[in-house]
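Chemist: Sequence and predicted structure below; questions after.
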Amino acid sequence: MSLSNVFDIAGSAMTAQTVRLNTTASNMANAESVSSSEEETYRARKPVFSLKEITQEQMPEDYQSLVPGQGVQIDEIVESEAPLRMAYEPNHPMADERGYVYYPNVNVVEEMADMISASRSFQINADIMNTAKQMLQRTLTLGQ
């Protein structure tokens, strides 16, 4: 693996962490949204990642030195199967005929921890790219 491949790998990881941050922000923004039915209630979303599956034939000529399977890809964004929160609030304008309102299954503390983790992962990959850039620059100055 050449040092220039680090940029592709770290870049794919940064893209994945950006998706993770966006879904976490969406979950937190909808944490206290109310609905009058279970079907319409917002459900927490989480991205699913895997290793990039690339064959040598699919790779551009410039990247033939890459080993297939390097990097991160986003497979899908799934909705949480955790139960929704129901609250008995008969005076609420969104209450159903039984007086219940439905809140999303978003755990704000868990989402904050996920946001911190994604942010740190993004920063680490940015640092990796910066270090690789510095190493490549120093390599170019060896012949001077």
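Modeler: Received the coordinates, thanks.
Chemist: A helix includes residue 77, no?
Modeler: No - using DSSP: H, G, I helix; E, B strand; the rest coil, the secondary structure at residue 77 is strand, not a helix.
Chemist: Show me what it bridges to in the sheet.
Modeler: Note on residue 77: beta-bridge partners by DSSP bridges are residue 47.
Chemist: so it touches residue 49, yeah?
Modeler: No - the pair residue 77 and residue 49 does not pass the contact test of C-beta atoms under 8 Å, sitting 10.6 Å apart. (Glycine included, C-beta is placed from N, CA and C.)
Chemist: Name the residue in these two with the higher neighbour count.
Modeler: residue 49 (17 against 14; other C-beta atoms under 10 Å).
Chemist: So that one belongs to a strand, correct?
Modeler: Yes - using three-state DSSP, the secondary structure at residue 49 is a strand.
Chemist: how about the helices of this protein, start to end?
Modeler: 5-29, 108-140 (DSSP state H).
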